[in-house]
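>>> One predicted model, sequence on top.
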Amino acid sequence: MLTLRRIAPWCFALALIVYLRPYTGIRHDATLYLAQALRLISPDIFNRDLFFVAGSQASFTLFPQLLALLLAHVEPGKAFMALTFVGRFLFYAASAWCVHVLFPPRWRWPALLALIVMPTGYGAFSMFSYAEPFLTARPIAEALCLLALAALVQGRMGWAIVGFALAGLLHPLQAIAAVLAALCWLVLGDRRWLWSLLLAVPVLVLAALKVGPLGGLLQVMDLEWRAMIDGVGDQVFLGAWALRDWCIVLADIYLLHLVAQHGGANTLFGRLAKALLLAMIVGLGLSYLLADVLRLILPVGLQLWRVLWLVHWLAAAAIPFLVWEQWQRGGRDWVGPLLVIAIAVIGASVPRSTLPWAVLGLIPLHMVWPLVAAKVSAPIRRLLLVGLVLALAVACFRYQLQIWAVYEMTGRNSEIIRQDVMIFAYPLLCGGTVALLVWGYQRSGEKGQALLGALSVLALLGALWLWDSRSPWTRAQESAHGTPVFAENIPRSAVVFWYASEASPRAAWMVLRRANYFSPQQLSGQMFNRQTALLGKQLNTQVEPVTLQAEICGVLANVQENPEPCRVSELGLRHLCTRHGELAPPDYFVLPYDQEKHVRGRWQVRHPGTGEVISTEYLYKCSDWVASEGEATP
């Protein structure tokens, strides 16, 4: 019984970590890390890929080399799933230790649970988050940064340097943001650390001499290059962020301001809040000046605004402390705590949520409330409480409507979208449930706590059982790695255009293990290399007639009960397969449509569980479509 009582909090926390962010496969930036590792294994194939042809950011991290060593012996699907779990566990283990160092004992468990419950997004367009639910170098680098910060605030400078150095080897951008925060911590503690800014002098000298990547520190991104990444890479320019994005930033800033104000100058988390606020001012200011205004190439790539990941991390961890502090300071009045909850929940970076702008009213109200609270009558106070509850309810309801609309678009297919997770993951629902369970655990006797311990073990086992939530299509792709799904023997030197509705090059890279011709995701490095942006624009024009018609086919298939077989016009396919100037067409292309001629191979994609055919992919060779018209073959 004692064992069950002791493991209950740990099992419960781990169950939440696993359940709230299930594994959905090799997607998002994990796809890019896959390509970087495959290129090290088969350079003759992937050097032809758009992602690498003009250079990539892979040279700034050791992670692809480590991943390539593993993929030489383990299938990518299994390796990525295992490493994703390891990265997630390391991040929250490091978070637990950092919380242990920063917070008093009373607030350690509430802070850790708040970190698990709260959304992890920061920055523009809900694109970025810490502790990502897919494999990249970022979660591991972030874990190392948190350990380094914990060592720093404890005065262990040597260990802090080691932690930051290892993080920089894995993901320099996240590490640089953490180093900026560390420098601000040191400066606030001892102004003599400002002399370290003299290190900028040799950096500027090396930049003037154009040594390595430092050459981009003084080189300006020309207007044509800037225009080419407009709309695709806007997230790196603060001036392109939407009001919604800035409202989310404002919510984190205000929460950290409260931590710095009420946490106390003698508490580590209060002092760190001040350091992070200073680091945020420096990071955002330099990012806007050097990237948005001066358009310097290296600062555009460094993305110093990424310091927001630490700002959001501490703001999320401090929410329980702030709620309790407001409750105590307000004489057990609910208005102050409820305002903090509303700012934290409504101002969180929740995908498909359109209400973060509400913090523009909530924050000023919270600021003036201590000044006017004594003068507010009881009826007005009750009306204000009702208004806050309604605001939270409306935000939750709007989110649920958006989630349901997405679920409807997938045909209510729970194998594509885990609707239970999407509903429960909203911080108001999940946070409220967790708070009630924690309250119940604290109020229970020995038998009650043992019962909750047993339930937490069952919850963990259930979360682990459901954690692998890859869609059938994703499972089929990952299990088909390196197998000849088409009868045609595609040469290693071939470049393949594989149309996919999710606009990912994963199929060509993983299933065929061949260079992909074009996908928007391959342009992720265009802010680092002008040639990538230029070539991507040209290739997009090459494939556009096919992608537009294929997208129309997809829409018709979704809105019609019994859709007619859809095909891409021969004119569009000839455009794809014709050389335009120096731009060569792909050697092969794959479509989910039977064009009724020149079919080189068919792959019937079957559901991994039922064996039912869920899609048929058709392989075509470009030379078959241009030879009959007398066009030059690639």
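Everything's here; your move. Computed from a prediction, not measured in an experiment: that's the story for all the values here.

>>> going forward, measure contacts between C-alpha atoms and count neighbours the same way
Will do.

>>> Moving C-terminal from the longest helix seen in the chain, which element do we reach first?
Scanning the chain for the helix with the most residues, using DSSP state H, yields helix 378-409. Using DSSP states H and E, the helix or strand that follows helix 378-409 in sequence is helix 419-424.

>>> Report the buried residues of that next one.
419, 422-424 (16 or more other CA atoms under 10 Å).

>>> pLDDT below threshold where in the stretch 51-200 of the chain?
By pLDDT under 70, the weakly predicted segments of the stretch 51-200 of the chain are 57-58.

>>> quick one: the helices in it?
For the stretch 51-200 of the chain, applying DSSP state H, counting those that start in this stretch gives helices covering 63-71, 76-102, 108-117, 138-153, 157-170, 172-189, 200-208.

>>> Give me the contacts around the first one.
Put plainly, it is helix 63-71. 33-34, 36-38, 40-41, 58, 79, 137, 169-170 (CA atoms under 8 Å, 6 or more residues apart in numbering).

>>> mind redoing it with 10 Å?
32-41, 58-59, 74, 76-80, 83, 136-138, 169-171 (CA atoms under 10 Å, 6 or more residues apart in numbering).

>>> Buried only: go through those for me.
32-41, 58, 76-77, 80, 83, 136-138, 170-171.

>>> still on that earlier bit, only the buried residues of the longest helix of the chain, if you could.
385, 388, 391-392, 395-396, 399-400, 403-404, 407.

>>> and it, average pLDDT?
Across helix 378-409, pLDDT averages out at 92.

>>> Please apply the same query to stretch 621-629.
The model assigns stretch 621-629 a mean pLDDT of 80.

>>> SS state for residue 608?
Under DSSP: H, G, I helix; E, B strand; the rest coil, the three-state class of residue 608 is coil.

>>> That one: neighbouring residues, count only.
16 (other CA atoms under 10 Å).

>>> for residue 3, same thing?
Residue 3 has 10 nearby residues by other CA under 10 Å.

>>> Which parts of the protein are strands?
Listed in chain order, the strands of the chain (DSSP state E) span 121-122, 128-129, 495-498, 515-516, 588-591, 599-606, 613-621.

>>> so where is the stretch 351-500 of the chain shaky, pLDDT-wise?
If you take pLDDT under 70 as the line, the stretch 351-500 of the chain has no such spans.

>>> in stretch 289-299, what's buried?
290-292, 294-299.

>>> Please state the offset of it from the chain centre?
Centroid separation for stretch 289-299 versus its chain: 24 Å, with CA atoms, centre = their mean, to the nearest Å.

>>> what does stretch 344-357 give?
Taking mean C-alpha positions (CA atoms, centre = their mean), stretch 344-357 and its chain are 16 Å apart.

>>> What is the end-to-end distance of it?
For stretch 344-357, the separation between the terminal residues is 12 Å (CA to CA, to the nearest Å).

>>> Enumerate the positions of it that are buried.
Buried, per 16+ other CA under 10 Å, within stretch 344-357: 344-350, 353-357.

>>> How about stretch 192-212?
206-207.

>>> Off-centre distance for that stretch?
For stretch 192-212 - counting by CA atoms, centre = their mean - the centre lies 32 Å from the chain centre.

>>> I'd like to know how many residues surround residue 172.
20.

>>> Hmm, it is touching residue 138, no?
Yes: using CA atoms under 10 Å, residue 172 makes contact with residue 138 at a distance of 9.2 Å.

>>> For the buried residues of helix 378-409, please prepare CSV with the additional fields distance to residue 70.
Output for these, formatted as CSV (distance: CA to CA, whole Å):
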residue, distance to residue 70
385, 55
388, 52
391, 49
392, 46
395, 44
396, 43
399, 40
400, 40
403, 37
404, 39
407, 36
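
>>> can you name the two of those residues that are farthest apart?
Among the buried residues of helix 378-409, the pair separated by the greatest distance (CA to CA) is 385 and 407, at 33.0 Å.

>>> follow-up on the earlier one: to residue 123, which of the helices of the stretch 51-200 of the chain lies closest?
helix 172-189 (12.9 Å).

>>> Just the buried residues of the closest one, please?
For helix 172-189, by 16+ other CA under 10 Å, it's 172-188.

>>> Repeat that for stretch 611-622.
617-622.

>>> out of these, who's nearest residue 512?
residue 619 (11.0 Å).

>>> surely that closest one meets residue 592?
Yes: Residue 619 is within contact range of residue 592, at 8.9 Å (criterion: CA under 10 Å).

>>> Next, show the common contact partners of those two.
Going by CA under 10 Å, 6+ apart, residues that sit against residue 619 and also against residue 592 are 498, 602-603.

>>> Contacts only, for residue 236.
123-124, 287-288, 291-292, 299-306, 527.

>>> Of those residues, which belong to helices?
287, 299-302.

>>> I'd like these written out as CSV, with distance to residue 539 and pLDDT added.
Below are these laid out as CSV (distance: CA to CA, whole Å; pLDDT from 0 to 100):
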residue, distance to residue 539, pLDDT
287, 30, 97
299, 27, 93
300, 24, 93
301, 23, 90
302, 27, 93
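
>>> what two of those residues are the furthest from one another?
287 and 301 (9.8 Å).

>>> What helices and strands are in contact with the longest helix of the chain?
helix 335-346, helix 419-424, helix 427-443 (3 or more CA pairs under 10 Å, 6 or more residues apart in numbering; DSSP states H and E).
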